[in-house]
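Asks: dropping a prediction and its sequence here:
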Amino acid sequence: MASSSLSVVLLLCLASAVSAQLSSTYYDKSCPSALSKIQAGVAAAVASDRRMAASLLRLHFHDCFVQGCDASVLLNETSVGGNERGAFGNVGSLRGFAVIEQIKKDVEAVCKKPYSNNGPVVSCADILAVAARDSVVALGGPSWEVKLGRRDSTTASVAQANQDLPPPFLDVAGLNASFAGKGFSLTEMVALSGAHTIGMAQCQNFRGRLYNEPNINTTYATKLKLNCPTSGGNTNLAPLDDDTATPPNPDLFNNDFFINLQSEKGLLHSDQVLYNATAPAGATEGIVNGFASSQAAFFSAFASAMVKMANLSPLTGSQGQVRTVCSIPN
Ligand code: HEM
């Protein structure tokens, strides 16, 4: 009796270990065209708005850092424990919700029914993870394999979002603490910050640095000040990466972000702190130098850190649900 209940426990453990694994073939039977539909949806969105690639990448990051990659960021009802869209780092800033919702519809339309009793097949969390990868690839960045089978949460947490999403006024110690809290090394944190090679930031998020910090390139600062005055213009945008590609192509995913840090052209305080040209070298200068001198090294570190991010505490097996509409629980 004792040994049979032990084997039941062992079997249960085994089952949950297996179900806790994501797999690259998860939708092969139920929705074989899911990946190509997501890629097409990203391509269409990026064709009409190149910035959307950056927005979709950030959406996935802000999903995974709060309750794991469970699409909690997409919920817009306070009834489920809070609306993460309203958290400090998200409100008035996160973009791409409508694009994800459209992709979700397009994907479900090609899935094989009657999988899941004719219910939805592909989770919003998986769509976010794949769309982030396809966005980076669309702008010339590295690719990586996205394992699938995440399920969607029925809850969100604005409190956790406020606590876990790193704000742009952090120094290296704060950034390191934020990322170490999710299991990332310092090198991985620096690599992931390289996501700021694409996309835009609002004046209110870099004004403090622009007008108060000495370690900003003068020509660069003069240019930024034209569109980010000392007061007003809070939501005016500037590229996170003053791209040096020839011909100029501000939306290319490359390692210029790190090269710019070396000449004090980081837009956010939290970016420039990774490289201080005058003070004795801290823990991150060597990492920045490595990525600045080798795009291949950056691409490879970024891709593996993204795989790690996409695997942050997913809901699997019978946990959570697959939402019908990404903004509301079923
Ligand atoms: C290291 C800590 C980080 C901080 C403090 C930070 C902060 C910010 C801030 C303040 C903005 C501008 C938001 C606005 O003004 O509306 C931004 C934009 C962005 N962030 Fe981060 N971020 C960090 C890490 C990351 C990571 C890890 C990723 C992805 C892997 C990422 C991807 C992006 C992208 C792509 C944008 C541009 C979005 C767009 O143009 O819509 N960030 N980030």
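Replies: Right, received. Where do you want to start? Numbers count the residues shown, from 1 in each chain.
Asks: show me what contacts the residue lying closest to Arg50 once chain neighbours are set aside?
Replies: Spatial nearest neighbour of Arg50, chain neighbours left out: Asp251 (4.4 Å); criterion: CB to CB, 6 or more residues apart in numbering. To be clear about C-beta, it is placed using only N, CA and C from the backbone, and glycine gets the same treatment. Residues near Asp251 by CB atoms under 8 Å, 6 or more residues apart in numbering: 50-51, 53-54, 139, 198, 243.
Asks: distance between the ends of stretch 181-192?
Replies: 15 Å (CA to CA, to the nearest Å).
Asks: the residue of the chain found nearest the ligand: neighbour count?
Replies: Nearest residue of the chain to the ligand (CB to the nearest ligand atom) works out as Gly199 at 2.4 Å. If you count neighbours by other CB atoms under 10 Å, Gly199 ends up with 24.
Asks: ok, which stretches of the stretch 1-150 of the chain are helices?
Replies: 2-19, 34-48, 51-64, 97-110, 124-138 (DSSP state H, counting those that start in this stretch).
Asks: the second one close to the ligand?
Replies: This points to helix 34-48. No. With CB under 6 Å from any ligand atom as the criterion, the ligand is not reached by helix 34-48; the gap is at least 12.0 Å.
Asks: show me what that helix is packed up against.
Replies: Based on contacts counted as 3 or more CB pairs under 8 Å, 6 or more residues apart in numbering; DSSP states H and E, the elements that helix 34-48 packs against are helix 51-64, helix 97-110, helix 124-138.
Asks: so who does Asn249 touch?
Replies: Going by CB under 8 Å, 6+ apart, Asn249 touches Asp243.
Asks: likewise Phe302?
Replies: 136, 141-142, 191-192, 194-195.
Asks: quick check on Asn311: phi, psi?
Replies: phi -100, psi 10 (degrees, to the nearest 10).
Asks: before we move on, what about the one 3 residues further on?
Replies: According to degrees, to the nearest 10, the main-chain angles of Pro314 amount to phi -70, psi 150.
Asks: so what's the residue count around the closest residue to it other than its chain neighbours?
Replies: Distances taken as CB to CB, 6+ apart put Arg150 closest to Pro314, at 4.1 Å, once the chain neighbours are dropped. If you count neighbours by other CB under 10 Å, Arg150 ends up with 32.
Asks: just the one 3 residues further on next, same as before
Replies: The number of residues packed near Ser153 is 29, by other CB under 10 Å.
Asks: doesn't Asp70 make contact with it?
Replies: Yes. Assessed by CB atoms under 8 Å, Ser153 is found in contact with Asp70 at 3.8 Å.
Asks: list residues touching both of those two?
Replies: By CB under 8 Å, 6+ apart, the residues touching both Ser153 and Asp70 are 125, 315, 320.
Asks: select from those the one having the most neighbours.
Replies: Ala125 (31 neighbours).
Asks: from what I can see that residue touches Cys69, true?
Replies: Yes. Counting by CB under 8 Å, Ala125 does reach Cys69; the two are 5.1 Å apart.
Asks: what touches both of those two?
Replies: 63, 150, 314.
Asks: I'd like the residues you listed laid out as TSV, including distance to Ala180 and pLDDT.
Replies: Formatted as TSV, the shared contacts of Ala125 and Cys69 follow (distance: CB to CB, whole Å; pLDDT from 0 to 100):
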residue	distance to Ala180	pLDDT
Asp63	20	98
Arg150	23	98
Pro314	20	98
